[in-house]
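Asker: This is a predicted model, with the sequence first.
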Amino acid sequence: MNQSIFTITENVPLTSSVMRMKLSGDTSAITRPGQFINILIDGLFLRRPISVCDYCDEDITIIYKIVGKGTEKMSKMQVGQKLDVLTGLGNGYDTSFSGDRPLLIGGGVGVPPLYNLAKVLIAQGKQVTVLVGFSHGSDAFYIDEFKALGANVIVATSDGSMGVKGRVTSYMDIDYSYIYICGPESMLRSVHEKCVTGGQFSFEERMGCGFGACMGCSCKTITGYKRICKDGPVLYKEEILWQTQK
C-alpha cells in the first residue's frame with residue numbers, strides 16, 4: 001500500500017451516471033489487475049474505494065458511478081485538482097490460472113477492472129472473451145475499448161436494446177478455460193452456480209479503512225474469515241460460502 005498525492009488529468013462522463021477519471025502520480029504499488037484505490041474526499045470521513053480500470057507507470061484510470069455524496073463530489077472535480085490516494089489495495093486477479101481461453105464477466109461498474117485484466121491476458125497470448133451485462137444499451141461503456149484490445153466481446157442487456165437480450169448467465173455456454181468476474185453479488189451467485197471451471201470472483205463490499213484494519217468487511221470462507229479489502233476483493237470459486245455472504 002502506498003499513500004501519495006495524485007493530480008486529476010481527466011474527469012469525463014461515459015454515460016449519464018458513469019464517469020471516467022484519470023490520475024497522474026506514483027502507481028508503483030499497483031501490481032495486479034483487480035486491485036483498487038481509496039480516495040480521500042474533503043468533507044467526508046471515509047475514503048471512497050474505486051477499482052482500477054487501467055494503469056501505467058504514472059497514470060491511473062478509474063471508472064465510477066455517481067451513487068452518493070462521495071461520487072457526486074468526484075463528478076464535479078476539475079482537471080488539475082490534487083487528491084490524497086491510497087494505492088495498491090486488495091489482492092487482485094492471479095492470471096496464472098487462466099488457461100488458453102479465459103472468460104471475463106462483468107456487470108455495470110464491475111466491468112472496469114476487467115479492462116486491465118483483459119489487456120494482461122491478451123499480452124500473454126490468451127484468447128479472451130469478455131461478456132458484459134447492463135440494464136440498458138444507454139448504460140453500456142468500454143465496449144469498443146475491449147474490442148480494440150483484441151477481445152471477443154458479448155454484450156447482454158436486460159431489455160435487449162444492445163447486443164443480446166437477457167442475463168450474462170444465458171450466454172455462458174461457450175468454450176472457456178477459466179472465469180474471472182466482477183459485479184453485483186446476484187450476478188456472482190448465478191455465475192458461480194453455472195461455472196464449469198475454476199474461477200476468481202471479485203466482490204463489492206462496504207469498506208471502512210480499505211486496508212484490513214477495521215475488519216468491517218470480513219466474510220466467512222471455507223478457510224475461515226477473510227477481509228474483502230485486504231484478503232480480497234478477489235476470492236477463488238472453491239472457497240466461497242454464499243450462505244454467509246451479506
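Answerer: That came through, no problem.
Asker: ok, the residue sitting furthest away from the middle of the chain - contacts?
Answerer: Distance from the centre of the chain peaks at Gly43, with 25.9 Å (Cα atoms, centre = their mean). Under the criterion of Cβ atoms under 8 Å, 6 or more residues apart in numbering, the contact list for Gly43 reads Lys73. The C-beta positions use only the backbone N, C-alpha and C, and glycine is treated the same way.
Asker: now Pro33
Answerer: Contact partners of Pro33, counting by Cβ under 8 Å, 6+ apart, are Val52, Gly92, Tyr93, Thr95, Pro113, Leu114, Asn116, Leu117, Lys119, Val120.
Asker: can you check Val85 too?
Answerer: Gln3, Ser4, Ile5, Phe6, Leu23, Gly25, Ile37, Asn38, Ile39, Leu40.
Asker: So which of these belong to strands?
Answerer: Gln3, Ser4, Ile5, Phe6, Leu23, Ile37, Asn38, Ile39 (DSSP state E).
Asker: which residues sit in contact with the fourth one?
Answerer: Which is Phe6. Leu23, Ser24, Gly25, Ile60, Lys82, Leu83, Val85.
Asker: if I look at the third one, how far off is Pro33?
Answerer: Distance check for Gly25 against Pro33: by Cβ to Cβ, to the nearest Å, it reads 19 Å.
Asker: Measure how buried Ile222 is and give me the count.
Answerer: 9 (other Cβ atoms under 10 Å).
Asker: Does it touch Tyr236 like I think?
Answerer: No: Ile222 is beyond contact range of Tyr236, at 9.6 Å (criterion: Cβ atoms under 8 Å).
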